[in-house]
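Chemist: Quick check, what structure comes out for this input:
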Amino acid sequence: MKLLTLISPIKPNIEGINGSNVFTLRNIPDTYAIKDFVDNNKPKRAVVVGAGFIGLEIAENLRERGMVVTVVELANQVIGPIDYEMAALVHSHLKEKGIEFYLEDGVNSIHHHKKYSAVELNSGKEIKTDMIVLGIGVRPEVDLAKKAGLALGERGGIKVDKTLKTSDPNIYAVGDAIEVIDYINGNPTLIPLAGPANKQGRMAANNICGIREEYEGTQGTSVLKVFDMTVASTGNNEKILKRFNIPYLKSFTHSASHAGYYPGAMPISLKLLFAPDTGKILGAQAVGYDGVEKRIDVIATAIRAGMTVYDLEKLELAYAPPYSSAKDPVNMAGYVASNILKGAVKVIHWDEIANLDKGKTMLIDVRTPLEVEMGTIEGSINIPVDELRDRINEIPKDKEIIIFCQVGLRGYLACRILEQNGYKNVRNLSGGYKTYAPAVQKQANQDIYDYEKIDNSDLIHASSPGPENCDAAVDIRLDACGLQCPGPIMQVKNALDSMNVGEVLEVTASDPAFGTDIKSWCERTGNHLIKVTNEGKNIKACIKKGRGEISNNNGSGSSGNDKTMVVFSGDLDKAIASFIIANGAAAMGRKVTMFFTFWGLNILRKHQKVNVKKNFLESMFGMMMPRGSKKLALSKMNMGGMGSKMIRYIMNKKNVASLEDLIEQAKAQGIRIVACSMSMDVMGIKKEELIDGIEIGGVAAYLGAAETADTNLFI
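Modeler: Numbers count the residues shown, from 1 in each chain. The predicted structure follows:
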């Protein structure tokens, strides 16, 4: 005989729980009951109790039906199988989707009125709603097992042996109600997942027929869609490892879902947990938009094969630009974890930053100034990694040095530079600012709706979470899709420059970072961000032009916040980077001066030959040097000019502005472009050979600008 058992949804014993508008979700009939209620009663408000898999799936579907949704969760995060800082990424996404959610709060009672219900929380908060759906969790449905006299395990599930046989030799049990062995830690647990249940059914059938098989345990591989985001995990999380006192280390990586130069690459945040002695993989969690479940499936397979993080480095995974990178995100996770184990870099994690002794540590942000303006860790100083060697004397050797960048890579390079220069106590922030910032933000999203607006028909009309609704008042609509940072911000700046105070700009962008960037930009420039919403994978923002003037870089930039740049190189890639940074700084309202010297002067030469009088040496220099931006070579992998053509082709496909367009944008934004007169004289370059709009100046012109600047770059 085989006994297939199920689970039942948890329904707490609280006042009002049996109301006609209170639902649970476990099976198809439950789904139909919820759908019929929504179709027939047209509810405007819903409260979902529980933020696990079921709760968030319900919340998403009700929100997609146009309802205002509030989620109430007793824990301090959503989605229990992942850890706090990974859940923080989901919290941010839920906020973008307009989901109100309460954390570390529960339902105390439900009071039903004529046309609405009031959900009273443990905190005393009351939420008025039209319907309630319980997604608190499930418990094993073991009534039949009890009647059959079967033994239960310590977690309340049916106890089975490795062949899935119960305490009665004639009865086998499989599925959600049995206690399984956790494949990672070896302890009994309940893991109600369809995949393991189906495999157990086949195995039990074989054992009943005399074909012996043993179930080795469940590792809990799972995936969840949360609006546009995918969340997946396998193995144990930190909470479980700590519960069983299992030693572990962790790493964070943020990689693109496929090659960055191919359109549509989206970020994947991946956390890896591994044994500190052997590197054995204990668990993994990933949050992103594309390719998330693929990477977790690979790591889940690696766990079954007994692989270590060193093996992840070596995995040969399918690669083509639309699908992955030559170093897949799984490989990258292996590299980072292996570096930690090998001692190539010492790391610090986001939750340790707040406890640092500021008198004994120095916190260094090695990102670019433009990135720092979008947000940084309080108390840090900015030394871009490219300036680190030149400014190393600013860093004391008698303090612990904490390095961080955006995702961890530049921080790793900075740590290696410092260690090779005699610094002994240096650590890199694992996962960088991209892990830190979401984890330290306010997590809950409560009180974004007004519940008190009830009309004479007793129907609730919840307000919009945004401070204003700009849809009917938009003056200009801007499409910035396809542009990479800082392109969208620059387009916003240009559009607002042409608008009147109080007018509203609506901009749509595909850059995932735009939602965060536009918030920081508006705060710094005195404009009012009305709201930011997600529409599929695009981000839409409404901005009202404020009275705070945006600098047009004509000399009105505030002293001390200017940016200066010495462009020494004539390499194509460095020239592109120079103008991207300059345009981004100008879009932030900063006065920018670019000083071109020696080989950098070739960027400013006209493409066509200009007939000017030169001596023999000047003519020789002119023949050997590239004439203008279109003739520049790459610093690496130029391949006789093929590399330059390839990068220009890729930039065009990615809708990244060409170097020539970037130069014109810089001139249009009022960026001061100065050609070094001394270098021109040495290299035989005449004023007539330079493109229009270039100022000829000496060192004094550059130093005068640098005195009012807080940032100076040498490229």
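Chemist: going forward, measure contacts and count neighbours with C-alpha atoms only.
Modeler: Noted.
Chemist: I'd say residue 225 and residue 57 touch.
Modeler: Yes - between residue 225 and residue 57 there is a contact under Cα atoms under 8 Å: 7.5 Å.
Chemist: out of these two, which sits in the busier spot?
Modeler: residue 57 (17 against 14; other Cα atoms under 10 Å).
Chemist: Can you tell me how far that one is from residue 284?
Modeler: Distance check for residue 57 against residue 284: by Cα to Cα, to the nearest Å, it reads 22 Å.
Chemist: try residue 355
Modeler: Remark: distance between residue 355 and residue 284 (Cα to Cα) = 26 Å.
Chemist: Equivalent analysis for residue 437, please.
Modeler: Note on residue 437: its distance to residue 284, by Cα to Cα, is 21 Å.
Chemist: of these two, who's got more company?
Modeler: More crowded of residue 437 and residue 284, by other Cα under 10 Å: residue 284, with 28 against 17.
Chemist: Now the more buried one: which helix or strand?
Modeler: strand 281-288 (DSSP states H and E).
Chemist: Residues touching that strand, excluding its own?
Modeler: With contact meaning Cα atoms under 8 Å, 6 or more residues apart in numbering, strand 281-288 is reached by 82, 86, 89-90, 184, 229-237, 248, 266-275, 292-293, 295-296, 299, 302-303, 306-309.
Chemist: again, but for stretch 383-391
Modeler: Applying Cα under 8 Å, 6+ apart, the set of residues contacting stretch 383-391 is 364-369, 410-411, 413-414, 417, 713-714.
Chemist: Would you mind writing the ChimeraX command to select the buried ones in these?
Modeler: Buried residues within these, by 16 or more other Cα atoms under 10 Å, are selected in ChimeraX with:
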select :364,365,366,367,368,369,410,411,413,414,417,713
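Chemist: what comes up buried for stretch 514-532?
Modeler: 514-515, 517-522, 525, 527-532.
Chemist: try stretch 300-316
Modeler: Of all the residues in stretch 300-316, those buried under the rule 16+ other Cα under 10 Å are 300, 302, 303, 307, 308, 309, 310, 311, 312, 313.
Chemist: Just to check, residue 159 is in contact with residue 172?
Modeler: No - assessed by Cα under 8 Å, residue 159 is found out of contact with residue 172, at 10.0 Å.
Chemist: neighbour-wise, which of these two wins?
Modeler: Each of residue 159 and residue 172 has its neighbours counted (other Cα under 10 Å); residue 172 has more, 24 against 21.
Chemist: partner residues bridging the more buried one?
Modeler: residue 2, residue 165 (DSSP bridges).
Chemist: For it, give me the pLDDT.
Modeler: Predicted confidence (pLDDT) for residue 172: 92.
Chemist: and it, how far is that from residue 206?
Modeler: Applying Cα to Cα, the value for residue 172 to residue 206 is 11 Å.
Chemist: and what of residue 547?
Modeler: For residue 547, the distance to residue 206 equals 76 Å [Cα to Cα].
Chemist: again with residue 174
Modeler: Counting by Cα to Cα, the gap from residue 174 to residue 206 is 13 Å.
Chemist: Just want to know which of these two has more residues nearby.
Modeler: Ranked by neighbour count (other Cα under 10 Å), residue 174 and residue 206 place residue 174 first, with 27 against 14.
Chemist: now the helices for the stretch 501-650 of the chain?
Modeler: For the stretch 501-650 of the chain, the helices defined by DSSP state H, counting those that start in this stretch cover 514-525, 572-587, 616-624, 642-653.
Chemist: can those go into TSV with extra columns for distance to residue 606 and mean pLDDT?
Modeler: Listed next are the helices of the stretch 501-650 of the chain as TSV, based on distance: least, Cα to Cα, whole Å; pLDDT from 0 to 100:
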stretch	distance to residue 606	mean pLDDT
helix 514-525	35	78
helix 572-587	15	88
helix 616-624	12	71
helix 642-653	18	78
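Chemist: Select, out of those, the one closest to residue 137.
Modeler: Proximity to residue 137 (Cα to Cα) singles out helix 514-525 among these, at 33.1 Å.
Chemist: Show me what that closest one is packed against.
Modeler: Counting contacts by 3 or more Cα pairs under 8 Å, 6 or more residues apart in numbering; DSSP states H and E, helix 514-525 packs against helix 487-497, strand 528-535, strand 538-544.
Chemist: mind redoing it with 7 Å?
Modeler: Where contact means 3 or more Cα pairs under 7 Å, 6 or more residues apart in numbering; DSSP states H and E, helix 514-525 is packed against strand 528-535.
Chemist: Quick check: can you name the pairing partners of the strand it packs on and their directions?
Modeler: In the sheet, strand 528-535 lines up against strand 538-544 (antiparallel) (DSSP bridges).
Chemist: related to what we said a few turns ago, what would the helices of the stretch 501-650 of the chain look like in a markdown table with distance to residue 386?
Modeler: Listed next are the helices of the stretch 501-650 of the chain as a markdown table, based on distance: least, Cα to Cα, whole Å:
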| stretch | distance to residue 386 |
| --- | --- |
| helix 514-525 | 23 |
| helix 572-587 | 12 |
| helix 616-624 | 29 |
| helix 642-653 | 22 |
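Chemist: how about those, which one is nearest residue 141?
Modeler: Nearest to residue 141 among those is helix 514-525; the distance by Cα to Cα comes to 44.9 Å.
Chemist: contacts for the closest one?
Modeler: Helix 514-525 is contacted by residues 374, 489, 528, 529, 532, 539, 548, 550, 588, 589 when judged by Cα atoms under 7 Å, 6 or more residues apart in numbering.
Chemist: Flag whichever of these scores worst on pLDDT.
Modeler: Minimum pLDDT across the contacts of helix 514-525 falls on residue 550, with 44.
Chemist: Next one: the residue nearest to residue 588 when sequence neighbours are not counted from residue 527, what distance?
Modeler: Closest residue to residue 588 apart from its sequence neighbours, by Cα to Cα, 6 or more residues apart in numbering: residue 521 at 6.5 Å. Distance from residue 521 to residue 527, counting by Cα to Cα: 8 Å.
Chemist: Next: residue 378.
Modeler: Residue 378 sits 24 Å away from residue 527, going by Cα to Cα.
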